[in-house]
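# quick one: sequence and predicted model below, then my questions.
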Amino acid sequence: MIIIMEVKSNLVNVTVFGAGREVGRSGFEIKGEKSKILLDYGILVKEERPAFPLSTSPKDLDGIIITHAHLDHSGTAPLFYTSETPPIYMTEITKQLTDILIRDLLHLSAYYIPFEALELKTMLESCRSIAEGTYKIGEAEVRFQNSGHIPGSVNALVEIEGKRIWYSGDINTIDTALLTRAEPELPELDMAIIESTYAMVDHLPREECERKLVETATEVVEGGGLALIPAFSVGRSQEILCILHKHGFKYDIAIDGMSRTATRMIAECPKELRDPSLLREAMARVKWVQGERDRKKLLEKRGVVISSSGMLTGGASTRYMEKIRNRPKDAVILVSYQIPGTPGRILMDEGKYGPPGELRKVKCRVEWIDFSSHCGKSNLMELVKSLKGNPKILCVHGEAESCTDFAERIKEETGHEAYAPTMGDSFKL
């Protein structure tokens, strides 16, 4: 008698916990028969109240991977440390930057955050620092490579129970004044989870953006005004500083808000930078704002102030904005991505600023320069076309139209299965 035994292949489930057709609260669970890994666990900061990803039990988590420090990728991770201590993996500079960003979130948030500073401390104590290379996480192997997005950012190739899943995180494949571009080397894949932030937009050449920044700032200052540059404290502030110095900007530059702390931290990690000496030289000529007295003095002078937050949602940049909004000689130069509904996006689209219900047209000059640290439309498609094998592709971390458009173009141009998932969607491999 012949007995035929059925061989069952292990199934791997990938579930979208956040960043489905939205920018914010990134989170993806990869679950096999023997292992469970979480890729990022961020927060979506909105004007009305923050929003969080879906949750999972921390008891059987083999590890949490934080690809970089921005709050939309890291901001809810301490939630898992109220009762458990799963290992969490990030680069050393990401650990330091995540600490200051989440502490600031807890300090400034007017809304309930479901954890406190104690959970953040426990999370950081559970951190296992990574660098580029391969690590064993539970029964899975995870290879980390530079993502070119902000200092310390990585993308992750997860090999789990015979399946290969690549997560781009936030990725940039061009060199910037601050960072070296991402050049991921990947084997054949079963799935790719790829950001779609700018999947419908091609960025201007970087050199053109740099020139426009310097020219605009120079025009404002030579006209007797103050140029406020609200910028993300991690990555963008340091890049703007490097650009102004590189192009020989000769007027006063000040740095304020959390951008001060982040700049000093990043300068201490030269291996993360394309040209560490450029940042050090730029820092040597900057005015480091110490408090309200310094801010008042700066508002009476001409010059440039680089300050967080990049979307004018809080921080020192809002203090300057309140003063310059009605001053025609002054300007605000937006250089960061502006999430819909944020004060920065409203200012960019409508030329209005103020608290909800009290928006008023501003008199100061308003400019937006596309200093993105994300791939644009063409580079994203090049990235997809470079993938080996026949992977399912999840288009995430973008506004709904961007994700769906990207998925449709991928299907048309490559023949790959491509999806624009929403929160809670699950895929079997």
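Okay, I see it.
# could you list the alpha-carbon positions for the helix or strand containing Glu207 in CSV?
If you go by DSSP states H and E, Glu207 is part of helix 206-222. Taking C-alpha atoms only, helix 206-222 is exported to CSV below (Å, rounded to 0.1, in the frame of the first residue of the first chain):
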residue,chain,number,x,y,z
ARG,A,206,18.6,68.8,-6.0
GLU,A,207,21.0,71.4,-7.3
GLU,A,208,18.1,73.5,-8.4
CYS,A,209,16.4,73.3,-5.0
GLU,A,210,19.6,74.3,-3.3
ARG,A,211,20.1,77.3,-5.5
LYS,A,212,16.5,78.4,-5.0
LEU,A,213,16.8,78.1,-1.2
VAL,A,214,20.0,80.2,-1.2
GLU,A,215,18.6,82.8,-3.6
THR,A,216,15.3,83.2,-1.7
ALA,A,217,17.0,83.5,1.7
THR,A,218,19.5,86.0,0.2
GLU,A,219,16.6,88.1,-1.3
VAL,A,220,14.8,88.2,2.0
VAL,A,221,17.8,89.1,4.1
GLU,A,222,19.1,91.7,1.7
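# which parts of it are buried?
For helix 206-222, the buried set under the neighbour-count rule, 16 or more other Cβ atoms under 10 Å, comprises 206, 209-210, 212-214, 216-218, 220-221. C-beta coordinates here come from the backbone N, C-alpha and C atoms, glycine included.
# which neighbouring elements make contact with it?
Counting by 3 or more Cβ pairs under 8 Å, 6 or more residues apart in numbering; DSSP states H and E, the packing neighbours recorded for helix 206-222 are strand 226-230, helix 236-246, strand 303-307, strand 331-334.
# tabulate these (a markdown table), appending distance to Glu367 and mean pLDDT.
Formatted as a markdown table, those follow (distance: least, Cβ to Cβ, whole Å; pLDDT from 0 to 100):
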| stretch | distance to Glu367 | mean pLDDT |
| --- | --- | --- |
| strand 226-230 | 9 | 98 |
| helix 236-246 | 13 | 97 |
| strand 303-307 | 13 | 97 |
| strand 331-334 | 5 | 98 |
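# return the most buried member of these.
Stretch with highest mean neighbour count among the helices and strands packed on helix 206-222: strand 226-230 (a mean of 29; mean count of other Cβ atoms under 10 Å).
# which strands or helices does that strand pack on?
helix 206-222, strand 303-307, helix 316-324, strand 331-334.
# please redo it, this time with the cut-off set to 6 Å
Counting contacts by 3 or more Cβ pairs under 6 Å, 6 or more residues apart in numbering; DSSP states H and E, strand 226-230 is packed against strand 303-307, helix 316-324, strand 331-334.
# closest to Met283 out of the ones you listed?
strand 303-307 (11.4 Å; Cβ to Cβ).
# per-domain residue ranges of the protein.
Per automatic domain parsing, the structural domains of the chain span 13-201+374-428, 206-368.
# which ones are touching Ile240?
Contacts for Ile240 (Cβ atoms under 6 Å, 6 or more residues apart in numbering) come out as 229, 231, 306.
# switch the cut-off to 10 Å
Neighbouring residues of Ile240 by Cβ atoms under 10 Å, 6 or more residues apart in numbering: 177-178, 210, 213, 217, 229, 231-232, 253, 255, 259, 282, 304, 306, 333, 335-336, 369, 371.
# in this protein, which spans are helices?
Using DSSP state H, the helices of the chain run over 71-74, 92-108, 117-125, 206-222, 236-246, 258-267, 276-284, 292-298, 316-324, 343-350, 377-386, 400-414.
# touching the shortest one from outside, list them.
Read that as helix 71-74. Contacts with helix 71-74, where a contact means Cβ under 10 Å, 6+ apart, come from 18-19, 22-27, 39-45, 50, 64-68, 88, 90, 94-95, 97-99, 101-102, 104-105, 123, 149, 153, 169-170, 234, 339, 397.
# mean confidence for that helix?
In this model, helix 71-74 has a mean pLDDT of 96.
# same list (the helices of the chain) but as CSV, adding distance to Gly138.
Listed next are the helices of the chain as CSV, based on distance: least, Cβ to Cβ, whole Å:
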stretch, distance to Gly138
helix 71-74, 21
helix 92-108, 21
helix 117-125, 18
helix 206-222, 40
helix 236-246, 35
helix 258-267, 30
helix 276-284, 36
helix 292-298, 49
helix 316-324, 42
helix 343-350, 40
helix 377-386, 28
helix 400-414, 29
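# how about those, which one is nearest Leu11?
Per Cβ to Cβ, nearest to Leu11 of the helices of the chain: helix 400-414, 23.1 Å.
# relative to Asp370, how far out is Leu101?
23 Å (Cβ to Cβ, to the nearest Å).
# so which of those two has more stuff around it?
Per other Cβ atoms under 10 Å, whichever of Leu101 and Asp370 has more neighbours is Leu101, with 21 against 18.
# and that one, how far is that from His203?
As judged by Cβ to Cβ, Leu101 and His203 stand 25 Å apart.
# the helices and strands packed on strand 226-230: which one's closest to Gly351?
Gly351 lies closest, by Cβ to Cβ, to one member of those: strand 331-334, at 10.5 Å.
# so Leu54 sits right up against Leu79, yeah?
No: in this structure Leu54 lies outside contact range of Leu79 using Cβ atoms under 10 Å: 11.4 Å.
# and for the two, which residues touch both?
Joint contacts of Leu54 and Leu79 (Cβ under 10 Å, 6+ apart) are Tyr41.
# more neighbours, these two?
Leu79 (18 against 15).
# my read: the more buried one touches Gly42, true?
No: using Cβ under 10 Å, Leu79 makes no contact with Gly42, being 11.1 Å away.
# mutual contacts of those two, please.
Any residue near both Leu79 and Gly42 by Cβ under 10 Å, 6+ apart counts here, and that gives 52-53.
# who touches the nearest residue to Leu204 once chain neighbours are set aside in this structure?
In space, and not counting its chain neighbours, Leu204 is closest to Asp370: 5.9 Å by Cβ to Cβ, 6 or more residues apart in numbering. By Cβ under 10 Å, 6+ apart, the residues touching Asp370 are 198, 201-204, 206, 208-209, 212, 334-337, 376.
# and what of Arg327?
Residues in contact with Arg327 (Cβ under 10 Å, 6+ apart) are 225-226, 299, 362-365.
# understood, closing this out.
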